[in-house]
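Engineer: Here is my input; please provide its structure:
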Amino acid sequence: AVSIFADMQKEIKEAGEFVILSQVLKDKLRTLVHDSGRAFLFVNRKGFAPFILCQECGYIFKCTDCAVPLVYHTQESMAEPTLLCHHCGAKQTPPDVCRECGSHRLKFYGIGIERVVKELKKMFPGIPIIPVALGESKKAANIRLIADKLNKLNSYIAVGTEFAVSGIELPVFDVSAVVSIDTTLSLPDFAQNERLFRILSLVRELAAKIFILQSFAKEPEVLSDLFHGSFEYFAEKELKERKKFNYPPYGELIKLTVSDTSREKALSRVKKLYSLLQVLEHQLGRGVVEITNPYPAYIEKKKGVFIF
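Structural biologist: Predicted coordinates for the structure are as follows:
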């Protein structure tokens, strides 16, 4: 398959507004629809928009029990638009005004699968647009039905999350594209590049003719490696980087988690644990074990519990 990189910063600048789909992807999809072909578009977030921001004061609508933004959903399975927490399942009615300052200047930010589906339905009203995400298909029977549908239909555009590329036996498509994956680049995980490379490789392998990668972050190094290098080249670079910091497979990481409904108690307990571990580090020697400072979890609060 031919690989094409779309710089979305450039696309937005030329369009004078935020755009979800690049011009090259739109053109390829129009040709595909005309020729009755099939396409798969990858989006790494569920929902319509990952968060709502007040443009007046900067307030972001978050779950009261979890330290994460509420995701805006508009799918047909919900009677009305809903703000949903993907960690505890809490639901709220979308606001008309900001809770902090009362401003009406609220804006949806980010790209979710529902937003892409809505955009495609507007562009191609005569072709099936099929969303494939874990929320709609948790049961094995539903997964089989979706797989059968995708394999039997001749012409459609499927839009899926990571669940689609790793949890369903997908057919080969004329065009496959990554609409959005940039949030994965900022995850605090030493293995994130490996996971990203795997996802992109899976989406690329689905394409018989054309693979398009859109990025709002210029062309990150790992994406460049996927485009211009082999897995061996990527693995060699990644292993050198991990060796530098003694990450697996050159060392072992052990994460100790402390949690409590009181942030103060959780913080106090994790500090005590850290003091005990420092004694252990001194006894064994720094070359044997290294203890890092305690810090809040990536999602510090989940279901009313604070995590360190």
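Engineer: Name the residues of stretch 298-308 that come out as buried.
Structural biologist: By 16 or more other Cβ atoms under 10 Å, the buried positions in stretch 298-308 come out as 300-302, 305-308. In this view, the C-beta of every residue, glycine as well, is placed from N, C-alpha and C.
Engineer: Could you export that stretch as CSV, keeping only the C-alpha atoms?
Structural biologist: The C-alpha trace of stretch 298-308 is given here as CSV (Å, rounded to 0.1, in the frame of the first residue of the first chain):
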residue,chain,number,x,y,z
TYR,A,298,-1.7,9.6,36.0
ILE,A,299,-5.4,9.7,37.0
GLU,A,300,-5.1,10.9,40.6
LYS,A,301,-8.7,10.4,41.6
LYS,A,302,-10.9,7.5,40.4
LYS,A,303,-14.4,6.7,41.8
GLY,A,304,-13.8,9.0,44.7
VAL,A,305,-10.5,7.4,45.7
PHE,A,306,-7.2,9.3,45.6
ILE,A,307,-4.2,7.3,44.2
PHE,A,308,-0.5,7.7,44.6
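Engineer: Widest-spaced pair of the buried residues of stretch 298-308?
Structural biologist: Largest separation among the buried residues of stretch 298-308 by Cβ to Cβ: Lys302 and Phe308, giving 12.0 Å.
Engineer: which one of the buried residues of stretch 298-308 is nearest Ile254?
Structural biologist: For those, the nearest to Ile254 is Phe308 (15.0 Å; Cβ to Cβ).
Engineer: Cross-check the contact I'm expecting between that closest one and Tyr298.
Structural biologist: No: counting by Cβ atoms under 8 Å, Tyr298 is not a contact partner of Phe308; they are 11.3 Å apart.
Engineer: low pLDDT regions in the stretch 51-200 of the chain?
Structural biologist: Counting by pLDDT under 70, the stretch 51-200 of the chain contains low-confidence ranges at 75-79, 134-141, 182-188.
Engineer: mind listing the strands in it by residue range?
Structural biologist: Using DSSP state E, counting those that start in this stretch, the strands of the stretch 51-200 of the chain run over residues 51-54, 71-73, 82-84, 91-92, 106-109, 129-132, 156-160, 173-180.
Engineer: Of all the ones you listed, which one is nearest Glu100?
Structural biologist: Among these, strand 51-54 sits nearest to Glu100 (Cβ to Cβ), with 6.7 Å.
Engineer: and the closest one, what does it pack onto?
Structural biologist: Helices and strands touching strand 51-54, as assessed by 3 or more Cβ pairs under 8 Å, 6 or more residues apart in numbering; DSSP states H and E, comprise strand 71-73, strand 106-109.
Engineer: Kindly recompute the last result at 6 Å.
Structural biologist: strand 106-109 (3 or more Cβ pairs under 6 Å, 6 or more residues apart in numbering; DSSP states H and E).
Engineer: so what strands line up beside the strand it packs on?
Structural biologist: Strand 106-109 pairs in its sheet with strand 51-54 (antiparallel), by DSSP bridges.
Engineer: Could you pull up the mean pLDDT of stretch 1-16?
Structural biologist: With pLDDT averaged residue by residue, stretch 1-16 scores 86.
Engineer: Next: stretch 201-218.
Structural biologist: pLDDT averaged over stretch 201-218 gives 87.
Engineer: Can you point out the buried residues in it?
Structural biologist: 202-204, 206-207, 210-216.
Engineer: I'd like those as TSV, with distance to Cys63 and secondary structure appended.
Structural biologist: Below are these laid out as TSV (distance: Cβ to Cβ, whole Å; DSSP: H, G, I helix; E, B strand; the rest coil):
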residue	distance to Cys63	secondary structure
Leu202	31	helix
Val203	30	helix
Arg204	35	helix
Leu206	34	coil
Ala207	37	strand
Ile210	39	strand
Phe211	36	strand
Ile212	34	strand
Leu213	32	strand
Gln214	29	strand
Ser215	29	strand
Phe216	25	coil
